[in-house]
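1. sequence-free structure coming up:
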């Protein structure tokens, strides 16, 4: 059995290069919350070397808060910013004779698209501008997943390896001290449970149905490499590998 594991890349953290050997897809910061031409080019080169699928990781244009706060911005300005961010990755990918595979919103934009229709419509508009078909990474049963599917966009339902979930499948706020998961045994069992049973345990210990087409590890998690090495060893013991 094979699964897709993605990581947020090009965000200025030390473990990017090592992570590429442990993932099958990457989400490259494209200037909204972090990143520039140089970092994008570096990430794309590493993705090509490691045969990792390339994704654009657009955000609210807010480097001050790393894209993790909802920015008060007009719909028009947000659409322009997201389009510009995605186009930058498209151009650099084209310069390296490759294409992007997917788009994944970052941070507060990702969380807002779980329920806010205006945000979803803007993201969908931006994806439709891409001159070829790409996949959208989004949360299972989010409003964005639902609307994007209705608009003919292919969805990969995403589960975060290192984050906890509320009972409605939204992500636990980072303001909660228990929002980030780091216990390797718990994470390993969590991922296997989703793969085998399509179930996840919420932060309130409630069993909830959840489908995953891709799993994400945050590149900014200081324990990302430790978590991934443990997880891959565990999954390999269950005859599960990367796509």
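-> Happy to help now that I have it. These numbers come from a predicted model, not from an experiment. Numbering: from 1, shown residues only.
2. ok, which stretches of the chain are strands?
-> For the chain, applying DSSP state E gives strands covering 2-3, 5-9, 25-29, 53-57, 102-103, 135-139, 154-160, 199-201, 207-209, 214-217, 241-242.
3. Could you point out which of those sits nearest residue 187?
-> strand 214-217 (9.3 Å; C-beta to C-beta). In this view, the C-beta of every residue, glycine as well, is placed from N, C-alpha and C.
4. tell me, which helix in the protein spans the most residues?
-> When the chain is parsed with DSSP state H, its longest helix is helix 75-95.
5. Check which residues of that one are buried.
-> 78-79, 81-83, 85-90, 92-93 (16 or more other C-beta atoms under 10 Å).
6. what packs against it?
-> Applying 3 or more C-beta pairs under 8 Å, 6 or more residues apart in numbering; DSSP states H and E, we find helix 75-95 packed against helix 37-49, strand 53-57, helix 117-128.
7. so which of these gets nearest residue 220?
-> Closest among the helices and strands packed on helix 75-95, using C-beta to C-beta: strand 53-57, at 11.9 Å.
8. contact partners of that closest one?
-> For strand 53-57, the external contacting residues (C-beta atoms under 8 Å, 6 or more residues apart in numbering) are 4, 6, 8-10, 24-30, 44, 47, 85-86, 89-90, 93, 98-106, 137.
9. Mean neighbour count and distance to residue 216 for the helices and strands packed on helix 75-95 - can I get that in CSV?
-> Shown next, in CSV, are the helices and strands packed on helix 75-95 (neighbours: other C-beta atoms under 10 Å; distance: least, C-beta to C-beta, whole Å):
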stretch, mean neighbour count, distance to residue 216
helix 37-49, 18, 16
strand 53-57, 27, 11
helix 117-128, 18, 17
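10. mind checking which of these is nearest residue 175?
-> Short answer: helix 117-128, nearest of those by C-beta to C-beta, at 20.4 Å.
11. For the closest one, what is the distance to the chain centroid?
-> Chain-centre distance of helix 117-128: 17 Å, with C-alpha atoms, centre = their mean, to the nearest Å.
12. now stretch 206-221
-> 10 Å.
13. Any buried residues in that stretch, and which?
-> 208, 210, 212-219, 221.
14. which two in the residues you listed are spaced the farthest apart?
-> Among the buried residues of stretch 206-221, 208 and 219 lie farthest apart (C-beta to C-beta), at 26.3 Å.
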